[in-house]
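# Below are the sequence and a predicted model for it; my questions follow.
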Amino acid sequence: MARIRHIALATRNPDDAAEFYQRAFAFKEVGKFSAREADGYYLTDGALNMALLKFKPGALDQLGKGLDYAGPHHFGVLVNGDLDGWISKVESFGAECFFKPDKNAPSSYVEVKFRGPDRTVFDIAAHPWPISGSARATIRHIAIATQNPDTTAQFYKRAFGFEEMRKVAGELAHGYFLSDRATNMAILKFRGPDQLGKGLDYTGLHHFGLLVDDVKEWTARLESMGAECFMRAPERPGNNHFEVKFRGPDGVVFDIAQHPWPGSAAIEVEPAETATAG
């Protein structure tokens, strides 16, 4: 079994970004680090790990977008069983393994890095990323921008056994919803508008989504903290799933929704106003 358990955001100011996500969603800091490639923080919502990374001069430009790039960077999949077997399996479907740590290195944590369809970067690991506690909102959705949704969806289904929930044909994008049984993965070819400001030909990790209890209350809370709400809830949503879209630190796009995405786990969350500001 394989589960999405990690997302990474590239940021110009890890301190400010970490403070925002901790204050906005009560994510817990589970690590601060200074490594050869990057400085930053590990946060968690109790289910997924979020890395906030400021890459250093001379670091490997994993995305090919320059080390000054800020925004969604990569995601990570926790796998069980033989890591070498998973590496061989993922490579057999055409992914490029571009970083494989020395197993004899002092650190026991091993994260293997790949480029998949559209050169989207993802990690696999056999040991969990730092996760603890619980938060007021939980990441239940990630979106991958691609120029070929069919090929990309097929890759993740075959490589990791993700289940296809349904096809997507909307005004903003078309593609697929996949699921690892807890987190929804959207594979999308965007039609517009350009949400990220990086062009509609951008490919890679696009945004993430959080499940909350009350969209109106959370919208007011996030705007009070400086997040820009650029796509609001419809006046009469009915029973349809809808997302409210924001830009946070570094212009990173994220959604909030009070109904689970297809294939994502439902959660019980505390009211937004009870979240601490510390």
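Nice, I can see it. The structure displayed is predicted, hence computed values, not measured ones.
# What segments of the stretch 51-200 of the chain are strands?
71-79, 96-99, 112-115, 121-125, 138-145, 163-169, 173-179, 184-190 (DSSP state E, counting those that start in this stretch).
# quick one: buried residues of the second one?
When you say that, I think you mean strand 96-99. Residues of strand 96-99 include none that count as buried (16 or more other C-beta atoms under 10 Å). All C-beta atoms are positioned from the backbone trio N, CA, C, and that covers glycine.
# just the CA coordinates of that strand, formatted as PDB?
Only the C-alpha atoms of strand 96-99 are listed here, as PDB (Å, rounded to 0.1, in the frame of the first residue of the first chain):
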ATOM      1  CA  GLU A  96      13.600   9.000 -13.400                       C
ATOM      2  CA  CYS A  97      15.200   8.300 -10.000                       C
ATOM      3  CA  PHE A  98      17.600  11.300  -9.600                       C
ATOM      4  CA  PHE A  99      18.500  11.100  -5.900                       C
END
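# What mean pLDDT does that strand get?
Across strand 96-99, pLDDT averages out at 96.
# ok, it: who's next to it in the sheet?
Strand pairing for strand 96-99, determined by DSSP bridges: strand 112-115 (antiparallel).
# Same question for the longest one.
Neighbouring strands of strand 71-79 in its sheet, by DSSP bridges, are strand 2-10 (antiparallel), strand 121-125 (parallel).
# Out of these, which is closest to residue 98?
Proximity to residue 98, assessed across those by C-beta to C-beta, is greatest for strand 121-125 (8.4 Å).
# how far is the closest one from where the chain is centred?
Distance of strand 121-125 from the chain centroid (C-alpha atoms, centre = their mean, to the nearest Å) equals 12 Å.
# Pick the most deeply packed of the strands paired with strand 71-79.
strand 2-10 (a mean of 23; mean count of other C-beta atoms under 10 Å).
# and the angle for it with strand 138-145?
80 degrees (axes from the mean of the first three to the mean of the last three C-alpha atoms, to 10 degrees).
# Quick one: work out the angle between strand 2-10 and strand 173-179.
130 degrees.
# i'd like the first residue to be 2 from this point on
I'll keep to 2 as the first residue from here, and by that count the last item is strand 3-11.
# so what secondary structure elements neighbour the following helix or strand past strand 3-11?
Scanning forward in sequence from strand 3-11 by DSSP states H and E, the next helix or strand is helix 15-26. With contacts defined as 3 or more C-beta pairs under 8 Å, 6 or more residues apart in numbering; DSSP states H and E, helix 15-26 has these neighbours: strand 29-35, strand 39-45, strand 50-56.
# Now tell me what touches helix 15-26 from outside.
Residues outside helix 15-26 that contact it (C-beta atoms under 8 Å, 6 or more residues apart in numbering) are 10, 12, 28-30, 40-42, 44, 46, 51, 53-55, 136-138, 211, 222-223, 226-228, 249-251, 276-279.
# one step back: right, so of the strands paired with strand 72-80, which gets closest to residue 61?
Short answer: strand 122-126, nearest of the strands paired with strand 72-80 by C-beta to C-beta, at 10.5 Å.
# that older thread, mind giving me the PyMOL select for the contacts of helix 15-26, buried ones only?
In PyMOL, this line selects whichever of the contacts of helix 15-26 come out buried by 16+ other C-beta under 10 Å:
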select buried, resi 10+12+28+29+41+42+44+46+51+53+54+55+136+137+138+211+222+223+228+249+250+251+276
